[in-house]
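*Asks:* Build me a structure from this.
(one chain, ligands or ions: 2)
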Amino acid sequence: MLTFDEYQQRVIAAVRSLPPRTVDAADAPALLGLVMAESVRTRRALPGFTNSAMDGYAVRAADVRQATVDAPVSLPVAGDIPAGDTRTLRLEPGTAWRIMTGAPLPDGADAVVQVELTDGGLDRVAIREAVDAGRAIRHRGEDVEPGDEVLPAGTLLRPRHVPALISSGVGEVSIIPRPRVAIVSTGDELVPPGQDPGHGQVVDSNAPMLAALATECGFEVTAVRRVGDTAEEVRDVLTELAEHVELIVTSGGVSAGAFEPLKLAFEGGDSFDFVKVAMQPGKPQGFGKLGSATVFALPGNPVSSLVSFLVFVAPAGRVLAGRDPTVHTVEAAVAETWTSPPGRQQFARVVFDDDGRVVRPIGGQGSHVLGGLAGSQALAVVPADTTDVAVGETLHVIPLEGLA
Ligand SMILES: Nc1nc2c(c(=O)[nH]1)N[C@H]1C(S)=C(S)[C@@H](COP(=O)(O)OP(=O)(O)OC[C@H]3O[C@@H](n4cnc5c(N)ncnc54)[C@H](O)[C@@H]3O)O[C@H]1N2
Ligand code: MOO
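*Replies:* Numbers count the residues shown, from 1 in each chain. Ligands and ions are numbered 1, 2, ... in the order given. Sure, this is the predicted structure:
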């Protein structure tokens, strides 16, 4: 039996980042969660032109130096400069332009007086307060100059990066693509989602669950299949899928029964390993390569499949995507005792309480308990040498939300 850490390190070490690909930067929303393979340098200055930060009047600060509430300075208004005005305009000394936020500053102006400090006049404007040169002005290039790096290589694209990327004027960017994932559930007992199971049958809930997990992790699910319990069928389907995806995730058929199709198909070959891992749930695990595809053969019990995906498949998939494999955890104290099997690192379903500071177990901890899984918020990680989880003990906890 391998320890959890040994097996997790083994699967992470067996994968490498996918080769970079060039894509259209204008598709930025579709690139969320992807890693920039090269740094992005802006082709443009930002702001691209000197402009007003306020709705008001563009002036020369020297012309309004004497302005006070009691003795406003009155200036003739040359006209309006709305945002989007593409004219190149000039401010004559002793005059003002009415100007809107984001509109280009006329040459000769060095300050904007916001409209609240004026009478808002159209032909003439009374300015009631002196302003310093530079007031309410956003200078060309004050944010970034052409050639500045706006996104370093390795940036994981988040919504906050999108404006800099889009405004930088680069047409194409180099990214590490999303790993393509095929999900395959195995078992003669399975019926498709939406169909009523007969006696001895169960609805295939693992395939949709694994597809949902992969999607939430930012991977691209390109195939979802269900196959029966024969080694030939499993081998044929996986071999075909391996030509089109980087990651294949199967569920079922890896324990000790008489008809374990994954084992029958691949055990004994030099590219597959079937092992027992000292964890609960998730003890039986299979891992291997088919062509260039990495295959995870997860146990069929639904909770075992989910836990195995989170702690093995997701980290390996993140490595393929050029990302950090670390599984995000928080710390919380135990509010209610439960037991854990000896010698196995437990991933216990829990709910948070007290603003996330403490956790309580929820439902039974059996690997088939779907209702308890739905009601849970996190997995508390109980070390292999703990059998009675004590109230007050601090545990690492894997939140089940926000996996991306
Ligand atoms: N003699 C032993 N029996 C078992 C052992 C063992 O060490 N010795 N390990 C147990 C553990 S732990 C687990 S976990 C399971 C894993 O079994 P398999 O991976 O072979 O999975 P199956 O037998 O195909 O199914 C197990 C269970 O899960 C249900 N299932 C399977 N696929 C789906 C699906 N797509 N959607 C919903 N439910 C699914 C299936 O009906 C079974 O109830 O083995 C133990 N046995
Ligand atoms: O280890 Mo199994 O995964 O208990 O259900």
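*Asks:* burial measure for whichever residue of the stretch 201-350 of the chain sits closest to ligand 1, as a count.
*Replies:* Nearest to ligand 1 in the stretch 201-350 of the chain, going by C-beta to the nearest ligand atom, is residue 300, at a distance of 2.6 Å. Placement of C-beta: from N, CA and C, glycine included. The local packing of residue 300 (other C-beta atoms under 10 Å) involves 26 other residues.
*Asks:* now the one 10 residues further on
*Replies:* Residues near residue 310, counting by other C-beta under 10 Å, number 20.
*Asks:* quick check, it in a helix?
*Replies:* Yes. Remark: residue 310 belongs to a helix, assigned using DSSP: H, G, I helix; E, B strand; the rest coil.
*Asks:* pLDDT at it, what is it?
*Replies:* Residue 310 is assigned a predicted lDDT (pLDDT) of 98.
*Asks:* List the contacts of the residue of the stretch 201-350 of the chain closest to ligand 1.
*Replies:* Residue 300 makes contacts with 185, 186, 187, 206, 251, 252, 253, 254, 255, as judged by C-beta atoms under 8 Å, 6 or more residues apart in numbering.
*Asks:* By mean pLDDT, point me to the weakest helix or strand of this structure.
*Replies:* The weakest-scoring helix or strand in the chain, judged by mean pLDDT, DSSP states H and E, is helix 370-375 (a mean of 87).
*Asks:* Check the secondary structure at the residue of the chain most remote from its centre for me.
*Replies:* Distance from the centre of the chain peaks at residue 71, with 57.2 Å (C-alpha atoms, centre = their mean). Under three-state DSSP, the three-state class of residue 71 is coil.
*Asks:* Could you report the pLDDT at residue 82?
*Replies:* At residue 82, pLDDT is 98.
*Asks:* Quickly note the distance from it to residue 151.
*Replies:* Distance of residue 82 to residue 151, computed by C-beta to C-beta, to the nearest Å: 32 Å.
*Asks:* the more surrounded of these two?
*Replies:* Between residue 82 and residue 151, residue 151 has the larger neighbour count (other C-beta under 10 Å), namely 20 against 11.
*Asks:* Provide the partner residues of the more buried one in its beta bridges.
*Replies:* Note on residue 151: beta-bridge partners residue 40, judged by DSSP bridges.
*Asks:* All further residue positions should be reported with the first residue as 43.
*Replies:* Sure thing, new numbering starts at 43, so read that last one as residue 193.
*Asks:* From ligand 2, how far out is it?
*Replies:* Using C-beta to the nearest ligand atom, to the nearest Å, residue 193 is found at 41 Å from ligand 2.
*Asks:* returning to that earlier point: packing partners for the least confident helix or strand of the chain?
*Replies:* On a contact count with 3 or more C-beta pairs under 8 Å, 6 or more residues apart in numbering; DSSP states H and E, helix 412-417 meets helix 344-350, strand 387-395.
*Asks:* What strands line up against the helix or strand following it, and which way round?
*Replies:* Sequence-wise, the next helix or strand downstream of helix 412-417 (DSSP states H and E) is strand 420-424. Note on strand 420-424: by DSSP bridges, its sheet partners are strand 387-395 (antiparallel), strand 436-441 (antiparallel).
*Asks:* send the alpha carbons of strand 420-424 over as PDB?
*Replies:* The C-alpha coordinates for strand 420-424 follow below in PDB (Å, rounded to 0.1, in the frame of the first residue of the first chain):
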ATOM      1  CA  ALA A 420     -15.500  20.600   2.200                       C
ATOM      2  CA  LEU A 421     -13.300  17.600   2.800                       C
ATOM      3  CA  ALA A 422     -11.400  17.500   6.100                       C
ATOM      4  CA  VAL A 423      -8.100  15.800   5.700                       C
ATOM      5  CA  VAL A 424      -7.500  13.400   8.700                       C
END
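*Asks:* what separates that strand from the chain centre, distance-wise?
*Replies:* How far strand 420-424 lies from its chain's middle: 22 Å, per C-alpha atoms, centre = their mean, to the nearest Å.
*Asks:* strands paired with the following helix or strand past it, and their directions?
*Replies:* Later in the chain than strand 420-424, the nearest helix or strand by DSSP H and E is strand 430-431. With DSSP bridges as the test, strand 430-431 is paired with strand 380-381 (antiparallel).
*Asks:* what about the residue of the stretch 243-392 of the chain closest to ligand 1, distance to ligand 2?
*Replies:* Here residue 342 is placed at a distance of 9 Å from ligand 2 (C-beta to the nearest ligand atom).
*Asks:* Repeat that for residue 347.
*Replies:* From residue 347 to ligand 2 the distance is 8 Å (C-beta to the nearest ligand atom).
*Asks:* Surely that residue and residue 353 touch.
*Replies:* No. Assessed by C-beta atoms under 8 Å, residue 347 is found out of contact with residue 353, at 11.5 Å.
*Asks:* one step back: export the contacts of residue 342 to a markdown table and tack on secondary structure, pLDDT and distance to ligand 2?
*Replies:* Listed next are the contacts of residue 342 as a markdown table, based on DSSP: H, G, I helix; E, B strand; the rest coil; pLDDT from 0 to 100; distance: C-beta to the nearest ligand atom, whole Å:
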| residue | secondary structure | pLDDT | distance to ligand 2 |
| --- | --- | --- | --- |
| 227 | strand | 97 | 15 |
| 228 | strand | 95 | 15 |
| 229 | coil | 93 | 15 |
| 248 | helix | 97 | 12 |
| 293 | strand | 96 | 11 |
| 294 | coil | 94 | 11 |
| 295 | coil | 89 | 13 |
| 296 | coil | 89 | 9 |
| 297 | coil | 86 | 8 |
